[in-house]
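1. Whatever this is, show me its structure:
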Amino acid sequence: MEKDAINLTFVHPWMTVSDAELLLIHAYKRFRNNKRYGGNMVNTLMKIEYGIFQRSSEEHMRARLDLIKSELL
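-> Sure, this is the predicted structure:
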């Protein structure tokens, strides 16, 4: 997961590795908690989500990070 987080910072240079890890961990927890997703399905959904992160605008990614950070407070 750390490699994916680092690669996200290459696509989004403004993003820190910590922010990228936070996005990936949040996505994993969302998929893992749903009982209908299991095994390889979680991996597939994570790959899809990672692709979405790569293509998303800076504005969208910053808003998503703000939302995730506000949930942690």
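2. Specify the local secondary structure of Trp14.
-> Using DSSP: H, G, I helix; E, B strand; the rest coil, the structure places Trp14 in coil.
3. right, and it touches Glu59 too?
-> No. Under the contact definition of C-beta atoms under 8 Å, Trp14 does not touch Glu59, with a separation of 11.0 Å. No exception for glycine: its C-beta is placed from N, CA and C like everyone else's.
4. Would you mind listing the outside residues contacting stretch 61-73?
-> Residues external to stretch 61-73 that are found in contact with it (C-beta atoms under 8 Å, 6 or more residues apart in numbering): 12, 15, 19, 22-23, 26, 53, 56.
5. quick one: which two of those residues are the most distant?
-> Set against one another by C-beta to C-beta, those have their most distant pair in His12 and His26, with a gap of 15.6 Å.
6. Kindly check the end-to-end length of stretch 2-22 for me.
-> Distance across stretch 2-22, first residue to last, is 11 Å (C-alpha to C-alpha, to the nearest Å).
7. Please renumber the chain so that the first residue is 725 from this point on.
-> Happy to do that; since the first residue is 725 now, the last one works out to stretch 726-746.
8. got the contact list for that stretch?
-> With contacts defined as C-beta under 8 Å, 6+ apart, stretch 726-746 is touched by 725, 747-748, 774, 777-778, 782, 785, 789, 792-793.
9. Give the buried residues for it.
-> When burial is assessed from 16 or more other C-beta atoms under 10 Å, stretch 726-746 yields the following buried residues: 728-729, 732, 736, 739, 743-746.
10. Below-threshold pLDDT in the chain: ranges please.
-> Counting by pLDDT under 70, the chain shows low-confidence ranges at 759, 761-763.
11. Identify each of the strands in it and give its residue range.
-> Applying DSSP state E to the chain gives no strands.
12. which residues does Glu773 contact?
-> Contact partners of Glu773, counting by C-beta under 8 Å, 6+ apart, are 748, 751, 755.
13. run the last query once more with 6 Å
-> Ala751 (C-beta atoms under 6 Å, 6 or more residues apart in numbering).
14. Cheers, nothing more for now.
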